[in-house]
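[1] how would this look folded up:
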Amino acid sequence: MKELQKFPHSGIQTTLPKDILFIVLIGISHFMTQAALGQALAPLDNIGEEFASTNPGELSWFVAAYSLTVGTFIMISGRLGDIMGHKRIFTVGWLWFGCWSAFAGFSAYPRKQVFFDICRAMQGIGPALLMPNGMALLARAYPPGLKKNIAFAVFGGLAPMGFVIGALSGSVFAQYAWWPWAFWSFALACFGLGVLSTIIIPKALSVRPTNPPTFDATGSVVGVTGLILVNVAWNNGPLFGWDTPHVYFLLLIGLLFLVAFVWVEQRATDPIVPFHALNSTVGYVLALVGFGWAAFGIWVFYVFRFAISLRGESPLTISAQYIPAIFSGLMCTAATGFLLTHAPVTLPMLLSMLVFCVGIVVAAMMPVRQTYWAQLFVSILIMPFGMDMSFPAASVIVSNHLPPEHQGLAGSLINTVVNYSISIALGIAGTVEVSIARNDPARLEKGIRSAFYIAIALSLMGVVLSAIFMVRTFLREGWKITAH
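    Coordinates of the predicted model:
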């Protein structure tokens, strides 16, 4: 591999107000990413009525298609940022996000579900461009220390707020106007944020390396193809059945493409994923994030399914019930910033997996006829602690274990695992729900609870692995608080 010109870590020297504007602007990219998830999840049945879709396998695609492309194209966008400049790709991401959000709203006119699914998939490329490059901008702007910890904590802490606001806006428009207006107003916000990005992000962060890496076209095509085929197979399984030839053929071909991707990357001059730069710690942390966020994806989807299908609540009501997550998310942001500077980074990782597991168990055991405050409130209140501790902790670990010229890759890996695991997990949970419920309304509750049990199993895997990770690190390094 050729020697690359490194990006500077401490690229900006600004006043405190400008620092705040910059950090908040980058954090809003995570806010909007989760808002786009919530704006389709909450009014899922309303959107399905527009396309005459009631099958759970078809409805899950409204969410899975978005998460699929967010997780798949992040690898490429991180490399594009390393080559062309993270600020440029970040700004383009807002414009792309806005355009396809608008098209998703316009899909109501032809009333073709496939068109809406495609628009949702294309919409997901927007945050795929935004997230890793935003994280790379933060990593380049601040050297290891308190500011960097705070910046990553804010980035993670805005996620619950984004989801709740997105769910509320989608529900309000669906219930009192027309659901496409949620997407059209979202598009206008994206365009405005794109303009602000050109103004607020310091010019110093527009600097590109003098000898940037080349773009690995072969690896990109092979890797993206493999990820898409595997994901489509998993999410089509509950829709068409795993005994349908095209489903398992897609899965087999996708796995072969992923094997080919590893082979190509090991021989590429400038690979999209330089496996030589990844160590066991990075791989272990990514696995933990995958299990935790896969469980979270099932939880958030099936809490809505449980409340709407079994309790008969409106999308707006269940969206409003998520409001406590905003405040617990903000508290967790402060707590995570403290933990990252006063304890080994393995501790917030373990705590996040425990929170994921406890929150899902509480939700899975809810009776159908029960007050909101008894269990659902508790589950919604604590789940943001899993999100907001795992994301910044993993970001700090991966960022600090990769050289500066691969900071785009650092953001890509985390976001790929987060979003791709959600999409895959929805396919697994959907398969279980459909096979248990068998399209029988009397078995609907059993099918939904079975999906929750899958989430519990995934979260338990995260707890076990994170405990092993913490114990192993403690035995090797002791109670070591590293400079983040």
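
[2] List the buried residues for stretch 270-285?
    Of the residues in stretch 270-285, 270-274, 277-278, 281-282, 284-285 count as buried by neighbour count, 16 or more other C-beta atoms under 10 Å. To be clear about C-beta, it is placed using only N, CA and C from the backbone, and glycine gets the same treatment.

[3] In TSV: the residues you listed, plus pLDDT and secondary structure.
    Shown next, in TSV, are these (pLDDT from 0 to 100; DSSP: H, G, I helix; E, B strand; the rest coil):
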residue	pLDDT	secondary structure
270	79	coil
271	83	coil
272	81	coil
273	80	coil
274	77	coil
277	69	helix
278	75	coil
281	75	helix
282	79	helix
284	81	helix
285	83	helix
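
[4] which of the residues you listed sit farthest apart?
    270 and 284 (25.6 Å; C-beta to C-beta).

[5] Report the contact partners of residue 155.
    With contact taken as C-beta atoms under 8 Å, 6 or more residues apart in numbering, residue 155 is in contact with 23, 26-27, 30, 134-135, 138, 391-392, 395.

[6] what about 7 Å?
    26-27, 30, 135, 138, 392 (C-beta atoms under 7 Å, 6 or more residues apart in numbering).

[7] same check, this time on residue 465
    Contacts of residue 465 (C-beta under 7 Å, 6+ apart): 287-288, 291.

[8] From these, which land in helices?
    Judged by DSSP state H, the contacts of residue 465 include 287-288, 291 as members of helices.

[9] What about these, which one has the most neighbours?
    Greatest neighbour count in these, by other C-beta atoms under 10 Å, goes to residue 288: 28 neighbours.

[10] Please identify the helix or strand for residue 76.
    helix 56-84 (DSSP states H and E).

[11] So which elements touch that helix?
    For helix 56-84, the elements it packs on are helix 16-41, helix 44-50, helix 86-106, helix 113-141, helix 217-240, helix 407-437, judged by 3 or more C-beta pairs under 7 Å, 6 or more residues apart in numbering; DSSP states H and E.

[12] what do you get if the cut-off is 10 Å, keeping everything else the same?
    The contact analysis (3 or more C-beta pairs under 10 Å, 6 or more residues apart in numbering; DSSP states H and E) places helix 56-84 against helix 16-41, helix 44-50, helix 86-106, helix 113-141, helix 217-240, helix 280-305, helix 407-437, helix 444-477.

[13] Identify whichever of those helices lies nearest to residue 264.
    It is, among the helices and strands packed on helix 56-84 and with distance given as C-beta to C-beta, helix 217-240, at 4.9 Å.

[14] Using PDB, list the CA coordinates for the next helix or strand after that closest one.
    Downstream of helix 217-240, the first helix or strand assigned by DSSP H and E is helix 245-265. C-alpha atoms of helix 245-265 as PDB (Å, rounded to 0.1, in the frame of the first residue of the first chain):
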ATOM      1  CA  PRO A 245     -36.100 -20.900  -4.500                       C
ATOM      2  CA  HIS A 246     -35.300 -17.300  -5.100                       C
ATOM      3  CA  VAL A 247     -35.000 -16.600  -1.400                       C
ATOM      4  CA  TYR A 248     -32.400 -19.200  -0.500                       C
ATOM      5  CA  PHE A 249     -30.600 -18.700  -3.900                       C
ATOM      6  CA  LEU A 250     -30.200 -15.000  -3.100                       C
ATOM      7  CA  LEU A 251     -28.800 -15.800   0.300                       C
ATOM      8  CA  LEU A 252     -26.300 -18.300  -1.100                       C
ATOM      9  CA  ILE A 253     -25.200 -16.000  -3.900                       C
ATOM     10  CA  GLY A 254     -24.900 -13.100  -1.400                       C
ATOM     11  CA  LEU A 255     -22.700 -15.100   0.900                       C
ATOM     12  CA  LEU A 256     -20.500 -16.100  -2.100                       C
ATOM     13  CA  PHE A 257     -20.100 -12.400  -2.900                       C
ATOM     14  CA  LEU A 258     -19.100 -11.600   0.600                       C
ATOM     15  CA  VAL A 259     -16.400 -14.300   0.500                       C
ATOM     16  CA  ALA A 260     -15.200 -12.900  -2.700                       C
ATOM     17  CA  PHE A 261     -15.200  -9.400  -1.100                       C
ATOM     18  CA  VAL A 262     -12.800 -10.600   1.600                       C
ATOM     19  CA  TRP A 263     -10.500 -12.200  -1.100                       C
ATOM     20  CA  VAL A 264     -10.600  -9.000  -3.200                       C
ATOM     21  CA  GLU A 265      -9.900  -6.700  -0.300                       C
END
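
[15] elements contacting helix 245-265?
    helix 217-240.

[16] Tell me which other helices or strands the helix it packs on touches.
    So helix 217-240, by 3+ C-beta pairs under 10 Å, 6+ apart, packs with helix 56-84, helix 245-265, helix 407-437.

[17] In TSV, list these along with distance to residue 466, mean neighbour count and mean pLDDT.
    Shown next, in TSV, are the helices and strands packed on helix 217-240 (distance: least, C-beta to C-beta, whole Å; neighbours: other C-beta atoms under 10 Å; pLDDT from 0 to 100):
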stretch	distance to residue 466	mean neighbour count	mean pLDDT
helix 56-84	21	25	84
helix 245-265	25	16	91
helix 407-437	14	25	81
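
[18] For residue 156, find the nearest of those.
    Comparing the helices and strands packed on helix 217-240 by C-beta to C-beta, helix 407-437 comes nearest, at 10.2 Å.

[19] by how many degrees do that closest one and helix 444-477 diverge?
    140 degrees (axes from the mean of the first three to the mean of the last three C-alpha atoms, to 10 degrees).

[20] Helix 407-437 to helix 217-240, inter-axis angle?
    20 degrees.

[21] what about residue 268, which SS state?
    coil (DSSP: H, G, I helix; E, B strand; the rest coil).

[22] How many residues are close by the closest residue to it other than its chain neighbours?
    Once flanking residues are discounted, residue 268 sits nearest to residue 216: 5.0 Å by C-beta to C-beta, 6 or more residues apart in numbering. Residue 216 has 22 neighbouring residues, counting by other C-beta under 10 Å.
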